[in-house]
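Trainee: I'd like to go over a predicted model; first the sequence, then the structure.
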Amino acid sequence: MGNLSSDALSRHDERCRTRRFEVSVGARPLVAILRGVTPDMVSEIGEALFAAGITWIEVPLNSPDPLQSIIRLVAKLGDRAVIGAGTVLQVEQVEEVAATGARLIVSPNMNPEIIRLTKAKGMISLPGVFTATECFAALDAGADGLKFFPGDLLGPAGLKALNAVLPSTATTYAVGGVDATNIPYWLAAGANGFGLGSSLYKPGDSAQDVAEKARAIVAAYDAVK
């Protein structure tokens, strides 16, 4: 690694810290996307997810009062799970999320400024990508992983084709249309992890509803891995 720039070394060190954290919480690479969740329900739902074995939880910023939900999740689970925000579209939002104590920033798009600020704040960066150009730009900016979105349009075959040119160290997440029935196909195509939205949580679902779906998804993942 002697020929790497100081910036590249810094990014490498940060990725190592991220991986050590993943190992320390025994995390499966399954990110729960709680789009539409409300602060009054979020703690109970978060506990249900954690008990089922899902330890990465994202509250999209287009949910009702999302920062309050994130604050409550951090207070309840922050020492045991990775809590963060999704649908992060503006640099200013990274600052707001960082102030809650969250550790994860997820976006549907690839904005290098958001990635760089996320890493400067010591947080995990998962930007949305779809093309090889976006993948390499995201990695160059310091992204910890690549969120392939919308996954149902790309499909496992599309991910497999892109994986042929991506660095072997790149961590890939399929997001969009992922459920317990197709996880094996995504894993066979080279996906490392998943973002799970409506297959796991819809507004109005009870904690019991979420727990049942989470257990099915975890079982499907564990059966292959």
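Mentor: Sure, I can see it. Numbering: from 1, shown residues only.
Trainee: how near is the most centrally placed residue in the chain to Leu126?
Mentor: Per C-alpha atoms, centre = their mean, the C-alpha nearest to the average position across the chain is that of Val31, at 4.9 Å. Per C-beta to C-beta, to the nearest Å, Val31 is found 8 Å from Leu126. Yep, even glycine has a C-beta here, placed from its N, CA and C like the rest.
Trainee: need the residues touching each of these two.
Mentor: Common neighbours of Val31 and Leu126 (criterion: C-beta atoms under 8 Å, 6 or more residues apart in numbering): Leu104, Val106, Tyr173.
Trainee: and the closest residue to the second one other than its chain neighbours, how many neighbours?
Mentor: With C-beta to C-beta, 6 or more residues apart in numbering as the criterion, Val106 has its nearest non-adjacent residue at 4.2 Å, and that residue is Gly86. In terms of burial, Gly86 registers 28 neighbours under the definition other C-beta atoms under 10 Å.
Trainee: just so I have it, where are all the strands in this protein?
Mentor: For the chain, applying DSSP state E gives strands covering 30-33, 56-60, 82-86, 104-106, 124-126, 128-129, 146-148, 172-175, 193-196.
Trainee: any chance of these in JSON lines, plus mean pLDDT?
Mentor: Shown next, in JSON lines, are the strands of the chain (pLDDT from 0 to 100):
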{"stretch": "strand 30-33", "mean pLDDT": "98"}
{"stretch": "strand 56-60", "mean pLDDT": "99"}
{"stretch": "strand 82-86", "mean pLDDT": "98"}
{"stretch": "strand 104-106", "mean pLDDT": "99"}
{"stretch": "strand 124-126", "mean pLDDT": "98"}
{"stretch": "strand 128-129", "mean pLDDT": "99"}
{"stretch": "strand 146-148", "mean pLDDT": "99"}
{"stretch": "strand 172-175", "mean pLDDT": "98"}
{"stretch": "strand 193-196", "mean pLDDT": "98"}
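Trainee: ok, which of the ones you listed comes nearest Ile115?
Mentor: Ile115 sits nearest to strand 124-126 of all the strands of the chain, at 4.9 Å, using C-beta to C-beta.
Trainee: lowest-pLDDT helix or strand in the protein?
Mentor: The weakest-scoring helix or strand in the chain, judged by mean pLDDT, DSSP states H and E, is helix 6-24 (a mean of 49).
Trainee: just the buried positions in stretch 199-219, please.
Mentor: Going by neighbour count (16 or more other C-beta atoms under 10 Å), the buried part of stretch 199-219 is 199-201, 205, 207, 210-211, 213-218.
Trainee: restricting to C-alpha, output that stretch in CSV.
Mentor: Taking C-alpha atoms only, stretch 199-219 is exported to CSV below (Å, rounded to 0.1, in the frame of the first residue of the first chain):
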residue,chain,number,x,y,z
SER,A,199,-41.4,-6.6,2.0
LEU,A,200,-40.5,-5.9,5.6
TYR,A,201,-42.4,-2.8,6.7
LYS,A,202,-45.4,-0.8,5.5
PRO,A,203,-47.0,2.1,7.3
GLY,A,204,-49.6,0.7,9.7
ASP,A,205,-47.8,-2.6,10.3
SER,A,206,-47.6,-3.6,13.9
ALA,A,207,-44.4,-4.7,15.6
GLN,A,208,-45.7,-8.2,15.5
ASP,A,209,-46.3,-8.0,11.7
VAL,A,210,-42.7,-6.7,11.2
ALA,A,211,-41.3,-9.4,13.5
GLU,A,212,-42.9,-12.2,11.5
LYS,A,213,-41.7,-10.8,8.2
ALA,A,214,-38.2,-10.1,9.6
ARG,A,215,-37.9,-13.7,10.8
ALA,A,216,-38.8,-15.1,7.4
ILE,A,217,-36.3,-12.8,5.6
VAL,A,218,-33.5,-13.7,8.1
ALA,A,219,-34.3,-17.4,7.7
